[in-house]
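**Student:** what's the 3D shape of this:
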Amino acid sequence: MAYKNAKSLSELEEMVNQNSLLYINDLKDEFTARGLFIPTLTLDDLEVDEARIGQSGSPTKVYKVDSVVLGAGEHIKIPPTLEGINQLLIS
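**Tutor:** The predicted structure is shown next:
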């Protein structure tokens with residue numbers, strides 16, 4: 001709960017765009033002093049090879065996406081015990 005009001009630079013910029021009385025540097029300083037500023041890291045900050053990021057750099061290839069719909073039906077209440085775990089594995 002302590003950090004629910006934390007903001008990133010883009011969120012602070014949005015606040016400034018909505019209120020002409022606010023200044024980005026003042027907001028950034030205020031949020032930093034309160035420990036509520038979330039720093040934004042760029043590709044240069046992380047020193048990462050561009051070929052290894054994003055969709056083209058991802059080793060994961062998605063070939064098919066299925067939509068699963070669970071319908072209401074029979075249910076079994078399993079106790080949080082060793083016997084319950086065994087019952088879950090067997091059924």
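**Student:** Now stretch 25-33: average pLDDT?
**Tutor:** In this model, stretch 25-33 has an average pLDDT of 94.
**Student:** Would you mark the buried spots in that stretch?
**Tutor:** Using 16 or more other Cβ atoms under 10 Å as the burial criterion, the residues of stretch 25-33 that qualify are 27-28, 31. All C-beta spots, glycine's among them, are computed from the backbone N, C-alpha and C.
**Student:** Contacts for it next, please.
**Tutor:** Around stretch 25-33, the neighbours that count as contacts under Cβ atoms under 8 Å, 6 or more residues apart in numbering are 6-7, 9, 12, 15-16, 37.
**Student:** Could I get the contacting residues of residue 50?
**Tutor:** Counting by Cβ under 8 Å, 6+ apart, the residues that residue 50 touches are 43, 57.
**Student:** correction: residue 38
**Tutor:** If a contact means Cβ under 8 Å, 6+ apart, then residue 38 has 6-9 as its contacts.
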